[in-house]
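S.K.: give me a model of this one.
(3 chains)
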Amino acid sequence: MKIKITIDGKEMKVNSNKSILEICRENGIKIPTLCYHKSLFPEARCRICLVEMNGKLVTACSTKPQENANILTTSERIIKARKMNLELMSPNIKINELANDFEAKEIYDQIGLDTDRFVSIKDYHPDLGAAIVRDNNKCINCGKCVAVCAKIQEIYAIDFASRAHNEHVTPYEEKKLEEVACIKCGQCLINCPVGAIQERSHLNEVIKALNNSKKHVIAQTAPSIRATLGELFDMPPGTLVMGKMVSALKKAGFDKVFDVDLGADMTIMEESAELLKRIKSGKNLPMITTCCPGWILMMEYFYHELLPNMSTCKSPHEMLGMLIKTYYAELSKISSKDIVVVSIMPCTAKKYESTRKELHTGVDYVLTTRELGRLIKQKNIDFVNLKDEEFDPVLGLASGAGDIFGTAGGVMEAALRTAYETSTKKKLKKVEFKNLRSGKGIKEGIIIINDKKIKYACANGGANIRKLLKNKNKYQFIEMMACPGGCVGGGGQPIYFDEKVLQARGKALYEQDKKREFRRSHENPIVKAIYKKYLGEPLSKRAEKLLHTKYSVKDKF
Amino acid sequence: MEKKEDILLNILHKEQDKKGYISIEALKRISSERNIPISRLYGVVKFYTMFRTEPQGQYIIELCGSPSCVQNESREIEKFIEKELKIKIGETTKDKLFSVYKTSCIGCCDEPPAMLLDGKPVTKLTMPRVKKLLQELRKNKSKTKKPQNKIKKIKKK
Amino acid sequence: MQILRQTNLEALKLAMDIGSEKTLNILEKKNLVGRGGANFPLAKKWKLAMNSKNKSKEIFLICNADEGEPGTFKDKFILKNNPETLIEGILIASYVLKAKRAFIYLRNEYDYLREELEEKIETILGKSEMKNKVNIEIVRGAGAYICGEETAIMQSIMGYRGQAMYKPPYPIDEGLWGKPTVLNNVETLTCVPQALLYDDWNPNMRLFSLSGDIDNPGVYEWELGVKMTTILDTIKPRKERKAMSFGCFGGIMPLNKDSTINTETICREDCQHGAFSIIFIGKERNIVDICLSIAKFYAYESCGKCTPCREGTIRVLNLLKKIRDGKANEEDLILLKDMSQHIKETSLCGLGQSSTNHILTALQHFRGDFEQYLNKNLTKEIKK
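M.R.: You can find the predicted model right below:
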């Protein structure tokens, strides 16, 4: 139903079911918000989005205007009210320490503060974990971390406890995140407007290694980083910066820069062989991918019965890390003790992944995209004007299939390309799977391999994973990504506020796929060389030892 | 008709009625049985000040701190109890006999100052009355948990 | 007292004989308004719920027995002295609204009344015509003043933290579990059978909870517009009174012996009478001390959801402490007023919106008490 309202003196006809905030955003009118999230039910906690409606101060996110409403989006009264609410939050926000990434910084610049009359009264112990660090002293109780963990991820690791000025976010019994069923996906971090949640930084350790002349420090970069790193230097989302990224790492002091996309190709070789084996035997289907450590944690806490369904493959950077410490060490005649492998990942969960004892990791440190951005800035490297450089050739060439790992549906597409062609010995008519590129939360399809119908599906985001698992037995092969959008939306990525950013990042990876000489993992000459010279064939004894792992189950309490 | 309790507040109260507090084990059990995330259960328990998560003293004293009682010398009673029991508001005595808290208005403004003793009102408190009450409760501790006959009934208007 | 009149299930019989529509008409004509403080016409609220555009036609009834406003104890009086009529009121409401589930949200501070109440419910429901048509359940509160607010009480019943939600949507459209819900106060529901059955039922009688610096505190029943002298004669003031506070939420106004108590005289002083709980303040007291104990109450009872109330109530308390300790100056008074006005205007729910009425009215009517504490020699301070 359409109604007539007036905003800032301008008459307009609007949908009666939309909030003032939605109407304003559609019409390009700026209203600051801190606790508002497009995909979540507005709670109107922060009281920053105040506007005047018929002379009364109301929150724009939660108010739907009636017929003939007279709305003002700015006035002396509104500005004073917003400033006062911001001033009440400011003892926690510590504006001086706030990086530009965080939403609150933009709000601060927009609203401005004339007075700063209050001191902090909070006194919480920060929650330090292997992957994620939470500091309640900085929290403004906007509730986004709680809502995202509950509604979008459906993990429910944290919630509000106590009331009044003692209200704070915590896992049950004031435990640390490490001690409860948290999958370390970092979506809470991505949505925190004030940076009260950050990744556990390993930057200092990496810089120490770089400064140690005795160490041979190798950087390996995840597929999605090349599509997101540029945003940290004000480049538009979806700018491919593969060459600049390599150049920056070399200038920062890394001895070699390898491509985890190659590790992804190796994962495809192992995983598609595993899939074909299981389809032949009919056992332990559907097979579920295991590149995503957030998904692995989810299975270990909540879906113990799926243990036999999990692929035993390690994730791409763990595979490549292990190959660096063995295959590359042999080839280059450098002792593996002197090699330091640093994975640049879009992911906070991977910081936890490399501490898993069963994994026998080759990776020494994991840095997030954001940490890399900090390193580049610390070293005063002029990122935007860097000339493109190439990955080091030994372990630096990847196929397009490896590139698309970074976006939801990519692992499935890459795996199907190889599974189909190696099994049928025929080339796919269309190497691109449009149904896996739709941007939906759950994607599915059917492929026929040697007269066998293979039903496959992908889910990204915790809620979609849970939804898909309800019908899991319909499928033979499932890809699970814990972060919405896949790794392009990972907990280690540049903070984003709009879904369109995720789409742009994913699109860039598909562009990269098109540019590659080889689009399929099994065509990659380096992959072929590694198998010929070192591993033999997929699922060989050596491959099992180096490139596969096992998982356990964990108590959810 | 026997209906399975589905109101969380009542479930938590029943749990607290058993041992005087709600343990983490109890929360885990309720979480598994009712399919409620434990983080939310903990958040609910911590929101309401009359849910306790730790073992309590045998007698729970809740002193009213509302304006009407304050205007009628409730602060003197508070200080007196703190001195007598050698603890501060919010603590439990070492012999695990008394836990003392301060609450918002308990609705006994017509007979101030007032307190709840194990959930039952004791009103028109004076220092001598409180001293006597504490002594009697100490004597009674081996007999019953709730000494009904020792608590004065409220005068009917 | 009118509120103690018994109806012995006769009113329920009458309602079921004449039907819902005629029952609503009578209640409307009798001008029965809510007694929880909002004074909303009862029949109008019930009709709104029954005509709600909600797809579900199931209506829930909640009897609000979470009487938490300091200085209020009239509902306790009813629960102890006339629970039968309250229960009958709930049955009549359930009949008219076709509610299958009715809740009594009983605050934990009144839990000692629960056992007897449960017995009475079983007996009365058992012998009434509403047996098997409605289930009356007692929900046990757990010490949160905010749960007397209508959206918070519903969150609490549904098993969440009792935090307030913004309105609209209103409970009569979307309440418990997304369905239309009617919330009525204990006193209101007790009046329902009385108003229905007795021709001489007086809609202007109100229960007054009086306490503070007086010798005869208690629950009294008077007609709206009662003279101040009548009240003072009954409560036997100890010394000279100077002010009255309407609970914690309604504001503090000077006591005028020649006035009467009705909505107009109270609103004139920028106060709200709510459910007529009055705390009398003696002449010897400094209003700042009263404000301090009220501010402590709000800083403790705020649900914590919205910024102005969560952060503001503790700041206001600290400011009052600073004033009381003689460490404040004129700028602090300005900040106190600004902050109080801000919390009132931008808080999400009624608790926050009324949490500073006591300060604003005290500054208005008793500014001298504040200035008494000001340290005029203190140089300007920027940070508190």
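
S.K.: check contacts around the residue in the stretch 151-300 of chain A that chain C sits nearest to.
M.R.: Nearest to chain C, among the residues of the stretch 151-300 of chain A, is A:E167, at 3.3 Å (CB to the nearest CB). All C-beta spots, glycine's among them, are computed from the backbone N, C-alpha and C. Under the criterion of CB atoms under 8 Å, 6 or more residues apart in numbering or on different chains, the contact partners of A:E167 comprise A:N141, A:F160, A:A161, C:G304, C:K305, C:R310.

S.K.: got the confidence number for the second one?
M.R.: At A:F160, the model reports a pLDDT of 98.

S.K.: neighbours around it, how many?
M.R.: Residue crowding around A:F160 was assessed by other CB atoms under 10 Å in any protein chain shown; the count is 23.

S.K.: also the fourth one?
M.R.: By the criterion of other CB under 10 Å, C:G304 has 25 neighbours.

S.K.: please tell me I have it right and it contacts C:Q163.
M.R.: Yes - using CB atoms under 8 Å, C:G304 is in contact with C:Q163, at 7.2 Å.

S.K.: so for those two, which residues contact both of them?
M.R.: Taking CB under 8 Å, 6+ apart as the contact definition, C:G304 and C:Q163 share the neighbouring residues A:R163.

S.K.: would you mind listing what in the stretch 101-250 of chain C touches chain B?
M.R.: Remark: the part of the stretch 101-250 of chain C in contact with chain B comprises C:107-112, C:135, C:137-145, C:156-163, C:209, C:211-213, C:217-219, C:245, C:248, using CB under 8 Å from any CB of the partner chain.

S.K.: the residues you listed in helices, which ones?
M.R.: When DSSP state H defines the helices, the subset of these inside them is C:S156, C:I157.

S.K.: could you chop the chain up by domain?
M.R.: Going with chain A. For chain A, automatic domain parsing gives the domain ranges A:2-83, A:127-199, A:203-547.

S.K.: that's the other chain; I wanted chain C
M.R.: According to the domain assignment given by automatic domain parsing, chain C is divided into the following structural domains: C:2-197, C:205-282, C:287-373.

S.K.: next, format these as TSV and append mean pLDDT.
M.R.: Below are the domains of chain C laid out as TSV (pLDDT from 0 to 100):
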stretch	mean pLDDT
domain C:2-197	96
domain C:205-282	92
domain C:287-373	96
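
S.K.: got CSV for those domains, with distance to A:V133 too?
M.R.: Written out in CSV, the entries for the domains of chain C read as follows (distance: least, CB to CB, whole Å):
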stretch, distance to A:V133
domain C:2-197, 26
domain C:205-282, 40
domain C:287-373, 24
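
S.K.: quick one: neighbours of the residue of the stretch 251-400 of chain A found nearest chain C, just the number.
M.R.: Closest approach between the stretch 251-400 of chain A and chain C, counting by CB to the nearest CB: A:F302, at 21.1 Å. Applying other CB under 10 Å, we find 20 other residues in the vicinity of A:F302.

S.K.: for C:Y170, same thing?
M.R.: 16.

S.K.: three-state assignment of it?
M.R.: The three-state label given to C:Y170 by DSSP: H, G, I helix; E, B strand; the rest coil is coil.

S.K.: hang on, the earlier thing: with respect to chain B, which of the contacts of A:E167 is nearest?
M.R.: The shortest distance between chain B and any of the contacts of A:E167, using CB to the nearest CB, involves A:A161 and amounts to 4.0 Å.

S.K.: may I have the helix or strand hosting C:D17 exported as CSV, CA atoms only?
M.R.: Of the helices and strands defined by DSSP states H and E, C:D17 is found in helix C:10-18. The C-alpha trace of helix C:10-18 is given here as CSV (Å, rounded to 0.1, in the frame of the first residue of the first chain):
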residue,chain,number,x,y,z
GLU,C,10,-22.4,-14.3,39.5
ALA,C,11,-20.7,-11.8,37.2
LEU,C,12,-19.2,-14.6,35.1
LYS,C,13,-22.7,-16.3,34.8
LEU,C,14,-24.1,-12.9,33.7
ALA,C,15,-21.4,-12.4,31.1
MET,C,16,-21.9,-15.9,29.7
ASP,C,17,-25.7,-15.4,29.7
ILE,C,18,-25.7,-12.1,27.8
